[in-house]
Every structure is written in C-alpha cells, then in structure tokens.
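Peer 1: Structure for the following, please:
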Amino acid sequence: MARLGAQCKTWTILVFSTLILLASIGCTAVTGQRADDSGRVSAFPDPLPYEADPSDYLLIRSGFTINAYLDEEDLVAHSDLIVSGAVVGASDSYMVKPAEGSETGAEFYTDYYLEVNDVLFDSQGASPLAETSTVALRVDGGVGTQVLAVSDDDPHLAPGATYLLFLCRDDPSSPWRTDDDYYRIVGAKDGVWVEGPDGVYASQTHDFTVTAEELRALAVELGGTEVNAGLEAHQEFLEEIKARVQSGELPADAYDRYVEEERRMEEKPGVKLEGDEMLRAEEEIVAKKTARESSGHSVAGLA
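Peer 2: Residues are numbered from 1 along each chain as shown. Have a look, this model is predicted:
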C-alpha cells in the first residue's frame, strides 16, 4: 500500500511507531533573523528541529511503519494543491493536544512558510491560489525547552530553498487538526521535489522526474481524484451503516450515533499549546519518562 503523508483527508490510516532515546535538558528555540540559502534575511527559529543537537534534549523519534513510495501520479491524485516556491520562514515549534485529551497526548509541529511562484494545480479551481501567496506547511516534529521531537519521514525544508510540493488539507477527523489555515505534505518526503537546471523536477526519495508541462497535464486528468474517491468511499460507508440499521443488523440508533460522533470530532479541533502551556506539557512528558525509568519499565513510547 502506498505511504501517504500525514493526516490528509483521504481517510487512510497511517501506523506510527515511536522510539524514545536520550534524556537531558536543552535550550529554548528563539525566532530571529538569519540569512537563508539565497542570501535573503528571513525569520526562522534557531535552531530548526533538524538542526538541534539531540544530546541537549529528551529525544522523541518517530516514523512510519509503512514504507512504499508515491510516484507523480499517486501524488497528484492525492493532492489538493501543487505549487512550487521558496521557503521564506518558519514558526517556533508548538504542540497540539486533542480537545478532549491530556497534555501527554500532545504532538510537536513546526510550520514552514512557502512563497508561491507557480501554481500547477488547485482543487478550488474557481478561485485559484494567487501565485504571490504564501502558504503554511505543517510538518511533524519540533524543538522545545526540554524535548526534541524528530520525524524521520518528514522533509528538512531548508531556508531559502525552492521546492515543488504536493499538498493536501488535514484530515477533518484528526484529533490534532486545528482551525488554522495550513496544508500538509502528501507522502511526507515523497511529496517534496526539487527543480534541476533543465527545469525538470526530481523526486528526492526515488528515481522519478517530471516537467511542469507534464505535471499540469497530469493534474487535469488525475488532480485530487483520490481525495474525492476517499470522500466518496466514506459516504458509501455511511450508506452501508444506514442499510444495516434498516435491515435490523445494527441497533436503530447506530447510524445517528456514528454521524453524531463524527460531527463532534470535526467540531472539536485540537488545542494548540505554546509558551507556558507547552512548557507544562513538556514537563509532563519528562516526568512520565522519569517515572517509567524509576519503575524499571521500558520507555519505548511516551504519548
């Protein structure tokens, strides 16, 4: 099965494994002015998560357990938006906890800001994204005061670098979704391509290449089709529940309860933790690890 990027609205379940490595106390990331690869001075936290020294933090390392690659057709079909542009900034890392969960269920994220120079596909169609726009890209992982969370599958977006990106909206049923305006990268590293000197885009994870013209033609044929297929499959699933209720196979209130639970989940986005709230969440994570170690239990996972 193809490995999709984090929580896009394709109703695909991804399985994660988490490995906890090293503990100690680190430094707080501070957003400041720094020169990017193009020489332009922009706002990026120092350090970015992938630049931080793991020995200074309690390290949480995560990755997918499904290892397939998405080619350009897969990526186009699962995308809401395909753009090229330069990375012009990044947020300080933050945490998001489920609305009804505890701080120990919080996950680290960092937002990167892409200045768009070309829109190759936009599922909105009638009101396409302006090529002068800046879009936010939410990437798993982040650096706090005491904890460093690193996702081995997510890309290292370099300041000032230009990429071709296959993007999707977050899964509306994800407990870590927030109401902010952001995109996720389809296929994690698979969805980040680079442009060669001959104008051909190349995958960084596999031997795939495509030109802008080929990609635009592919988008006309396949753009967003798997996103729509996922929504259609979900609707078919709801209809199946309804039919099983009508046949007496399920309780009379099963359909209403399922729809209500789904609606409740979508209306309760995750809660973003920053500042003191994030520090308290980190302290809970560290305390949980310490308690596990003192009891002699394995620390294969924290959350």
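
Peer 1: after the helix or strand Y109 falls within comes which helix or strand?
Peer 2: Following DSSP states H and E, the helix or strand that holds Y109 is strand 107-122. Under the assignment DSSP H and E, the closest C-terminal helix or strand after strand 107-122 is strand 134-140.

Peer 1: Show me the strands paired with the following helix or strand past that next one, marking each as parallel or antiparallel.
Peer 2: If you walk from strand 134-140 toward the C-terminus, the next helix or strand you reach (DSSP H and E) is strand 142-143. Paired with strand 142-143 in the same sheet, following DSSP bridges, are strand 147-151 (antiparallel).

Peer 1: Which of the helices or strands spans the closest residue to A77 other than its chain neighbours?
Peer 2: Closest residue to A77 apart from its sequence neighbours, by C-beta to C-beta, 6 or more residues apart in numbering: E226 at 4.0 Å. All C-beta spots, glycine's among them, are computed from the backbone N, C-alpha and C. With secondary structure defined by DSSP H and E, E226 is part of helix 225-246.

Peer 1: and the next helix-or-strand element following that helix, how far out from the chain's middle?
Peer 2: Stepping forward along the backbone from helix 225-246, the first helix or strand reached (DSSP H and E) is helix 254-267. In terms of C-alpha atoms, centre = their mean, to the nearest Å, the centre of helix 254-267 is set 24 Å apart from its chain centre.

Peer 1: tell me the angle of helix 254-267 relative to helix 225-246?
Peer 2: Per axes from the mean of the first three to the mean of the last three C-alpha atoms, to 10 degrees, the angle that helix 254-267 makes with helix 225-246 is 140 degrees.

Peer 1: which helices and strands sit right next to the helix or strand just after helix 254-267?
Peer 2: Sequence order places strand 271-273 as the next helix or strand after helix 254-267, per DSSP H and E. Counting contacts by 3 or more C-beta pairs under 8 Å, 6 or more residues apart in numbering; DSSP states H and E, strand 271-273 is packed against strand 94-97.

Peer 1: quick one: low-confidence parts of the chain?
Peer 2: Scanning the chain with the threshold set as pLDDT under 70 gives 1-42, 63-68, 101-104, 125-132, 265, 296-303.

Peer 1: How much space separates the closest residue to P172 other than its chain neighbours from V259?
Peer 2: If the residues on either side of it in the chain are set aside, P172 comes closest to E266, at 5.0 Å by C-beta to C-beta, 6+ apart. Remark: distance between E266 and V259 (C-beta to C-beta, to the nearest Å) = 11 Å.

Peer 1: now V119
Peer 2: 35 Å.

Peer 1: Same drill for those two, tell me which one is more crowded.
Peer 2: Between V119 and V259, counted using other C-beta atoms under 10 Å, the more crowded position is V119 (17 against 13).

Peer 1: Pretty sure the more buried one sits against G85.
Peer 2: No - shown here, V119 and G85 do not form a contact pair, counting by C-beta atoms under 8 Å, at 9.2 Å.

Peer 1: what distance separates the helix or strand in which E213 is found from the centre of its chain?
Peer 2: For E213, the enclosing helix or strand under DSSP H and E is helix 212-222. In terms of C-alpha atoms, centre = their mean, the centre of helix 212-222 is set 24 Å apart from its chain centre.

Peer 1: Name the residues of that helix that are buried.
Peer 2: Neighbour counts over helix 212-222 (16 or more other C-beta atoms under 10 Å) mark L215, R216, L218, A219, L222 as buried.
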